[in-house]
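**Q** Can you look at this prediction? I've put the sequence above it.
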Amino acid sequence: MTLPQDLRAVFLDVGGPVYDDENFVVAVLQALDELRADQGRGPVDRSAFRAVYDRIRAEQGGSLRRALATELLGDPQLRDALHERTRAHWHHPAGTLYADVLPFLAQLRGRVTVGVLANQERAVVDALTRDGVADSVDVWGVSAIVGHEKPSPELFTWCLAQAGARPEQAVHIGNRLDTDVRPAAALGLGTVWVLRGEAPDEPTPEQLAEPDLAVRSLDGLAARLLAGTAV
């Protein structure tokens, strides 16, 4: 599909579009080190971690936590334990908000409903409030609060219902194909792929063909989204 002409709602992922994904990297590395210590092993080799992380980024598919548990902890069954340990350390410190976020939201304010649609912990609300983002958020589709996670359709349909918008009247902005672009497109939403964070450094032509729009930043995006929308 193409981007909506009658745009009513814009949803954003958090890690990548809003905050630097290195916040997640810090958390998962701490979790890996703790689990390896429980095994009587030393800290994870950072280059080995980056090799796994970058491979999953390039593939845009598959479970990062399962791959890390298998290759760096030696047991895929530790995937859930890794998830729980990571949750405890996952925060968005001051200074990690991308500079283009607030200007982007300011251009949308009063024109469309804005929502967070993200697999995040409850603490993300405090971070977004601290950094001035919450003032522009109408719908809080945070997985830890709503009880559904991407890529399942339930989080998307919950956000649409809260926004009072049909799929063809909404756009989802994310930095992953597997958990953002593909599930949103399957429901009929417009899609914007932000090429930072967990997006690949060098996306393939086939990957770039999947979203309605691929961008390196949020600069200028609001005008493109609102181009066919009445004031």
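**A** Now that the structure is in, tell me what you want to look at.
**Q** Kindly provide the distance from residue 43 to residue 135.
**A** Separation of residue 43 from residue 135 (Cβ to Cβ, to the nearest Å) stands at 40 Å. (Each C-beta comes from the backbone N, C-alpha and C, glycine too.)
**Q** name the helices or strands packed onto the longest helix along the chain?
**A** Longest helix of the chain, by residue count under DSSP state H: helix 22-38. The contact analysis (3 or more Cβ pairs under 8 Å, 6 or more residues apart in numbering; DSSP states H and E) places helix 22-38 against helix 46-59, helix 64-72, helix 79-89.
**Q** between these, which one is nearest to residue 121?
**A** helix 79-89 (5.7 Å; Cβ to Cβ).
**Q** for the very next helix or strand once past that closest one, packing partners?
**A** Using DSSP states H and E, the helix or strand that follows helix 79-89 towards the C-terminus is helix 101-108. Where contact means 3+ Cβ pairs under 8 Å, 6+ apart, helix 101-108 is packed against helix 221-226.
**Q** Restrict the helix it packs on to CA atoms and write it as CSV.
**A** Extracted C-alpha coordinates of helix 221-226, given in CSV (Å, rounded to 0.1, in the frame of the first residue of the first chain):
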residue,chain,number,x,y,z
LEU,A,221,8.9,13.0,7.8
ALA,A,222,6.0,14.8,9.4
ALA,A,223,5.5,16.9,6.2
ARG,A,224,5.5,13.8,4.1
LEU,A,225,3.0,12.0,6.3
LEU,A,226,0.7,15.0,6.5
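**Q** May I see the buried residues of that helix?
**A** 221-222, 225-226 (16 or more other Cβ atoms under 10 Å).
**Q** Pipe those residues into JSON lines and attach pLDDT per row.
**A** As requested, those are arranged in JSON lines below (pLDDT from 0 to 100):
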{"residue": "221", "pLDDT": "97"}
{"residue": "222", "pLDDT": "97"}
{"residue": "225", "pLDDT": "96"}
{"residue": "226", "pLDDT": "95"}
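**Q** thinking again about what came up before, what does the longest helix of the chain contact?
**A** With Cβ atoms under 8 Å, 6 or more residues apart in numbering as the test, helix 22-38 has contacts from 15, 42-44, 46, 49, 53, 65, 68, 72-73, 78, 81-82, 85-93, 96.
**Q** again, 7 Å this time
**A** 15, 42-44, 49, 68, 72-73, 78, 81-82, 85-86, 89-93, 96 (Cβ atoms under 7 Å, 6 or more residues apart in numbering).
**Q** before we move on, the earlier item: for residue 216, which of the helices and strands packed on helix 22-38 is the nearest?
**A** Here helix 46-59 is closest among the helices and strands packed on helix 22-38 (Cβ to Cβ), at 15.3 Å.
**Q** Check which helices and strands that closest one sits against.
**A** helix 64-72 (3 or more Cβ pairs under 7 Å, 6 or more residues apart in numbering; DSSP states H and E).
**Q** average pLDDT for the helix it packs on?
**A** Here helix 64-72 scores 95 as its mean pLDDT.
**Q** packing partners for it?
**A** Using 3+ Cβ pairs under 7 Å, 6+ apart: helix 64-72 touches helix 22-38, helix 46-59, helix 79-89.
**Q** Show residues contacting it.
**A** By Cβ under 7 Å, 6+ apart, helix 64-72 touches 28, 32, 44, 48-49, 52-53, 56, 75-76, 78-79, 82-83.
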